[in-house]
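1. Here you go, sequence then predicted model.
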Amino acid sequence: MKTTVDIADPLLDEAKKLAAAEQTTLRNLVEDGLRRVIADRKRTRKFRLRRATFKGKGLQPDVAAAGWDSVRELVYKGRGT
């Protein structure tokens, strides 16, 4: 498919020099660049944490008012140090 793209003159000049040095066409250089940008954007999609809920009645009464230190102690109780 043919299309028209406005490219800044200095960038186009540099791209033409690179294409000549690599013995390729400006078209191939542009297509390679577009492929890379598209691939990068696909990889860097925003992370979305899936919704995870648990059926239950919340925290146990003895833990509901506890601070993080107490909760951590309960989690690691009997696991070494």
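-> Right, received. Where do you want to start?

2. Give me the distance between Leu74 and Lys57.
-> Distance from Leu74 to Lys57, counting by C-beta to C-beta, to the nearest Å: 17 Å. Placement of C-beta: from N, CA and C, glycine included.

3. Now do the same for Met1: its pLDDT.
-> Predicted confidence (pLDDT) at Met1: the value is 88.

4. circling back to that earlier point, and Leu74 and Lys57? which has more neighbours close in?
-> Leu74 (12 against 6; other C-beta atoms under 10 Å).

5. tell me the contacts of the more buried one?
-> 63, 66 (C-beta atoms under 8 Å, 6 or more residues apart in numbering).

6. Could you do Leu26 as well?
-> Residues counted as contacts of Leu26 (C-beta under 8 Å, 6+ apart) are 15-16, 19.

7. residues touching Ala66, list them.
-> With the criterion set at C-beta under 8 Å, 6+ apart, Ala66 makes contact with Leu74.

8. Kindly report the same for Asp69.
-> Residues near Asp69 by C-beta under 8 Å, 6+ apart: none.

9. Use 58 as the first number from now on
-> Okay, residue one is now 58; in that scheme the one you just asked about reads as Asp126.

10. chain center to the lengthiest helix in the chain, what's the gap?
-> Looking only at the chain and at elements set by DSSP state H, the helix with the highest residue count is helix 83-100. Here the centre of mass of C-alpha atoms in helix 83-100, compared against the chain's by C-alpha atoms, centre = their mean, to the nearest Å, lies 17 Å away.

11. tell me what the helix or strand that it is followed by is packed against?
-> Downstream of helix 83-100, the next assigned helix or strand under DSSP states H and E is helix 118-121. In terms of contacts (3 or more C-beta pairs under 8 Å, 6 or more residues apart in numbering; DSSP states H and E), helix 118-121 is packed against helix 125-133.

12. Now for Phe104, how many residues are close by?
-> Neighbours of Phe104 under the rule other C-beta under 10 Å: 5.

13. let me redo that: Ala78
-> Number of residues near Ala78 (other C-beta under 10 Å) recorded here: 8.

14. And the pLDDT for it?
-> Confidence per residue is given as pLDDT, and for Ala78 that number is 97.

15. Also Arg102?
-> pLDDT, the model's per-residue confidence, is 69 for Arg102.

16. Cool, thanks, signing off.
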